[in-house]
Structure formats: structure tokens, C-alpha cells
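>>> can you look at this prediction? I've put the sequence above it.
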Amino acid sequence: MLNFKHTLKPGFVYLAVTTLIFFIQLAWYIHGSPVTAAMDAAGWVFFLTSCLSHGACLALILWLVLCLPLSMARLPRLGGWLMCGGAAIVSVLLFLNMQVYDIYRFHINGFVLNLVFGGGGSEIFTFDTALYIREAFLLAIFIAIAAGAWIASMKFSRICTTKFVWTAIAVMLGSTLWAHGYHIYAAFMQKSSVLKSQRLIPYYFPTTANSLMADLGYIPPQGNVFDDTPSTASGEVNYPLHPIVAEKPQQQPNILLILIDSWSRRALDPETMPNAYRYARENVLYDNHFSCSNGTRGSVFGIYFSVPAYYWDLFESSKVNPVFIDTMLESGYICQVYPGATLVGPPFFRVVFRKIPNLNISTPGNTAWDRDRAITDNFIRDLPKYVASGKPFFSMVFYDLPHSFEITPEQLRFQPSWTFADYTKLNNDLDPTGFFNLYRNTCYETDKMLGDILAALDREGCADNTVVIVTGDHAQEFNENRKNYWSHGGNFSRWQIQVPLIVHVPGAEGGIVRTHRTTHYDIVPTLMQTFLGVKNPIDDYSAGHLLTDTVSRDWHVVGSELNYGFIVEGDTILEKTPSGGLEVTDAALNPVDGYRVDAAAFRSAMTRLNRFMK
């Protein structure tokens, strides 16, 4: 039988001491950070208990893997020294990660490791010899601390009591329960101090339960949802880089954005979408247009903020508003959104549209077709009111039907067609015709509603003073890459991010097809500079360019903070996966071996990506 005092206690004491070391390192991440401006008492308690909890988890893994098995085999000293080595490595990684985070605002991941150890790493990361010496000295200190802590733990284990053991367990377990439990509440209530500080802790994913909280009847306070005042954590955000300066034009056009969820470029043809196709031929079609994400959350965020969804969490917790909407409201625009799907999940009502008064958060209806028909009718109903007001209006009509596939058998115009989206049938060898025709049928129904809106604009005399933009949030793949990808959210190839973009500008020449690369980030700067009288340089508030600018869009950022990528020359995709790895593929998702990152382009891309952070 094992003797706990002599066999297991030294390792457990070292677990507690290692937890304390990791806690200090993790807590140091907030030192000098702009996040401190957002911290309140509850935020500090959460952050410190989270650091302790996360440190305990890291130490526990080392103890379970390296120390406990050898202690059970009556080799506690060997197990302790192995754990000592593991602790030294973790301490070194935490230290290096802190330096990476200070520079790039993200933690070490596969993308960074590939840059360091892959080809061209020495070109991207260039350091002076003195810096290498200093780093080596600091790393030696961490190794010495880990070894000294193990020696001290062996000595202390001889005199420590059972009370110490249970107290240590209670503290570590209690901090874990408190940190995760409080984060459930804070995430639902959008407490800036908690949401911002948790991002500082590397590889820390505290629990959320927003749906459960809502199901239990909890409601975020109105002030947290619609409060127009940026949080004190705006000290972490530098968006826009300078205050927006706008000179109201004498003629203020209306602006109408018609957004179609999951709109594939393949659906824009005269049979599937005759109204959209005709409208494209009469106006300007941007035929090489990329979304900023392969999902609705990042795409809508990118359209309105004109920056990558990489900023979502930071902007949400800071209560940052899109300068596009701010500028329109300050210029007297009547703003409204007509959503076919709720604006609660993702929480666009809180993140993107918080300042729009009397916002339509959802639309009643039993099916997606019912709701899309309702938003069409609602906009057409409201249009005369906008005209009578004498004020310019901005509206977004957001169709959901092509995303949902919810139509009746009578609406299955294109055959052969599935009657519903049977995802259990999908595989790499499946003939996609039936599934794609189901999708075409939903697009046809959406096109009829689009035609109703365009007819209403003509009927109310608005067509000649309304800028109309028709596009998709993202695309929809039907295994075009032959890699068994269907729908969206799975990759960053053009089949999931290329969408049609149709632009109607009153009085402008029509019948134009532009084939240079454009992106969703270009929509807002084009509207701001051309129609809202904004004088700032585009770089002050946007990651984009004017739509008419033919400058290269290489290093186009797509995705979100957890899973993002860069589209570079030749549509090569550099993707940082959710697991932290790096995948490099060509435009058809074939792996690219030995890819060498352009050092200068990488530095420029990272500077642009992070420039809205202080």
C-alpha cells in the first residue's frame, strides 16, 4: 500500500507550488495592458481567480501525466524531476507567449510557429544579439525557479499537514468553480471587465451558457444592451483612428442594403434569379467579390464595421459602434433593419445595431419563407413613410430563405430537386444536382421578393435617389472543390466566400461588370466617402478600399478571432484553425507544402490587422 506522506505528498505539494508560479505568470499578462482601464472589483476577482484556476489546470495536467504515474510506481523523485522539467517548459512558453501577445495581440498558435520554424522565419523575426542574450538569461531563471520549487516542495512535504493539502484542493477547486460560474453570468450580462480580461489568459476558454440563461428567464439589463456610451475599456480600442469628419452633402441619397444569406455566385443567372440578373445587367456587377467570412456573424460584422470579425469580442465588450451607422444617424438618416432571422443570435442587435432606435429585432413567422415575405411587405409598407418624412433613410432587408431551405413542394420549380436539406446524404461521391436545385428554388423565391422591393422603389419614386446594394453575407458550397465540403463555415475557398455584389448608383452608368477583386470591407468606405461626405482617410476606419479601386486585395483577412485566415496571391489560403494550427492550401483546398511566407507582406498585414488596437 502506498504511503501518501512519503510517496504522493511531495508531488502534490509541488503541484500547489507550480500552480502559484503559473498564477503569477498569468496574472502578469495584465500588467501595462489597456484592459486595466476597464477593470472593476468584480473584474479583478474574476481575472485573478481565473489565473489561479487556469494555473491549477496546467499544473494538474503535468502532475497527472508526469508525476503521479511514477509516484504510484514508487519513483516519486523521478516523477517530481520530470514534472519539474515540464513546469520549466510551460513557464518558458508562458513567458514567450506574453511577448508575442504584447506585439501581435494573439497568443502563440500554429500560424506563429510556422512562421518561426518554417521557411523565411529569420526574415520575419529579426532580433539583435543582445536580445538573444537577455532572453536566454530570463529563460535560465525560469528553469532555476522550477528546480528550486521542486527541491523546496520535497522539504516542505515532510512537515506540511493534511489540512494544508485539503486547503490547497479547496482553493484550486473553488477558484475554478467561481471563475467559470461567474463568467456564465458576466458573458450573458456583457460585463466588459470580465470579457476583456479573460482574453489575456492564454488558451483559456471559460464556460458560457447564454441560451440556458435566456431559457431560465434571465434578461440582460437594458443599459447593457442599448447603452450608447462606450465602456472605459475603449482605452484598448483605437477605432476609428481619428474622429470622423463629415460634411453633409446637399443631396443625401437613401441607402438600401439587400442582404441574402448564403448567396452563391452560381445562383445569379437569368433562370434562377431573373430580377437580380436583370438588375445586375442594368447597373454595376462586381464579379470577383469576396466576403470577409464564411459565416453570417463575421460577414455582417465586417460589412458594417469594415474591419475583420477578429475584433468582434473586443468591440462587443467595449460597446464600440460602427462609424458607418454613427455617421448616418448624425446626418439625420432614418435607419431600420428588416431581419428574416432574429438579430439576437448572433447578437447583432447588441453589437452592430445598438444605436438604431426602435430596432426590429425579429420578425414573426412560422417558416423562413413566411418571415422573408413579411420583411418584404414591411419594408414596402414603410417606404411611403420614409418618403413622406423628407429625410434620407437607410434600410437593410436581410433574407434568410436560401440559408434555411424551407419551401413547399409547390415551390420546387427546378427539378430534380430534394424536398428538404437531408444532410445525412451528403458525401464526396454524391451528385449535388438535387440539393443544388433545392437551393436554386429558394433563391428563385427570394428573387421574387427582391423584384417586389425594386418595383416598390420605382413606384414610390425612390429609384432615382437611392443607392441600392444587393449582395450575400457569404456563399454556399455544394462540393465544388470535391473535398466533401457542403454549405458554409467549413473553409475559406471562393465557393464559401465569393458572393455577387450589385450596386445601383442613381445617375451612374450601368451595364458594367467589374472583374478586379473587391471585398465586403470596401462597401462602407465607398458609401462613407462618396455619399456621406466623410473626409477622413479610409484607413482611419476601414480595412478596405473604394470599390472602384483596383489595388491588390492580397492578404485579405477572413474569419473570426478563433478561426481566421489570409487570402494571398493566387488565392492561396493561410488558415489559422480553431485548434491553433496552420493550414496552407491553394484555391481548391489542395495542401501547399513548403510554403514560404513573404516577410515584408506578413509584417504589413499584421500591422493592418492590429492597427485598431492600442
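Sure, I can see it.
>>> could you give the average pLDDT over the host helix or strand of residue 442?
Applying DSSP states H and E as the criterion places residue 442 in helix 433-459. Taken as a whole, helix 433-459 has a mean pLDDT of 97.
>>> how about residues contacting the helix or strand just after it?
With elements assigned by DSSP H and E, the helix or strand that comes after helix 433-459 is strand 466-472. With contact meaning CB atoms under 8 Å, 6 or more residues apart in numbering, strand 466-472 is reached by 253-264, 276, 279-280, 283, 289, 291, 450, 454, 457, 499-506, 520, 523, 527, 531. To be clear about C-beta, it is placed using only N, CA and C from the backbone, and glycine gets the same treatment.
>>> now, of the residues you listed, which are buried?
Those of these that meet the buried threshold are 253-264, 276, 279-280, 283, 289, 291, 450, 454, 457, 499-505, 520, 523, 527, 531, by 16 or more other CB atoms under 10 Å.
>>> can you tell me which of those are in strands?
Within the buried ones among the contacts of strand 466-472, membership in strands is found for 254, 255, 256, 257, 258, 259, 260, 289, 501, 502, 503, 504, as judged by DSSP state E.
>>> format the residues you listed as JSON lines; extra columns: distance to residue 161 and pLDDT.
Output for those, formatted as JSON lines (distance: CB to CB, whole Å; pLDDT from 0 to 100):
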{"residue": "254", "distance to residue 161": "76", "pLDDT": "97"}
{"residue": "255", "distance to residue 161": "72", "pLDDT": "98"}
{"residue": "256", "distance to residue 161": "73", "pLDDT": "98"}
{"residue": "257", "distance to residue 161": "68", "pLDDT": "98"}
{"residue": "258", "distance to residue 161": "71", "pLDDT": "98"}
{"residue": "259", "distance to residue 161": "65", "pLDDT": "98"}
{"residue": "260", "distance to residue 161": "68", "pLDDT": "97"}
{"residue": "289", "distance to residue 161": "69", "pLDDT": "98"}
{"residue": "501", "distance to residue 161": "71", "pLDDT": "98"}
{"residue": "502", "distance to residue 161": "75", "pLDDT": "98"}
{"residue": "503", "distance to residue 161": "75", "pLDDT": "98"}
{"residue": "504", "distance to residue 161": "79", "pLDDT": "97"}
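>>> which of those sit farthest apart?
The distance between the two most remote of these (CB to CB) is 22.4 Å, for 254 and 289.
>>> what sits up against the host helix or strand of residue 495?
The secondary structure element spanning residue 495 is helix 494-497 (assigned by DSSP H and E). Outside of helix 494-497, the residues that reach it under the criterion CB under 8 Å, 6+ apart are 264, 290-294, 474-478, 480-481, 485, 488-490, 558, 567, 571, 587.
>>> what is the rounded mean pLDDT of it?
Averaging pLDDT along helix 494-497 yields 96.
>>> swap in stretch 601-614?
Averaging pLDDT along stretch 601-614 gives 84.
>>> report the buried residues of that stretch.
602, 605, 606, 609, 610, 612.
>>> state the pair within the residues you listed that is farthest apart.
Once CB to CB is applied, the buried residues of stretch 601-614 give 602 and 612 as the farthest pair, at 18.5 Å.
>>> so who does the closest residue to residue 420 other than its chain neighbours touch?
Nearest non-adjacent residue to residue 420, counting by CB to CB, 6 or more residues apart in numbering: residue 405, 6.4 Å away. Residues counted as contacts of residue 405 (CB under 8 Å, 6+ apart) are 420, 421, 438, 439, 442.
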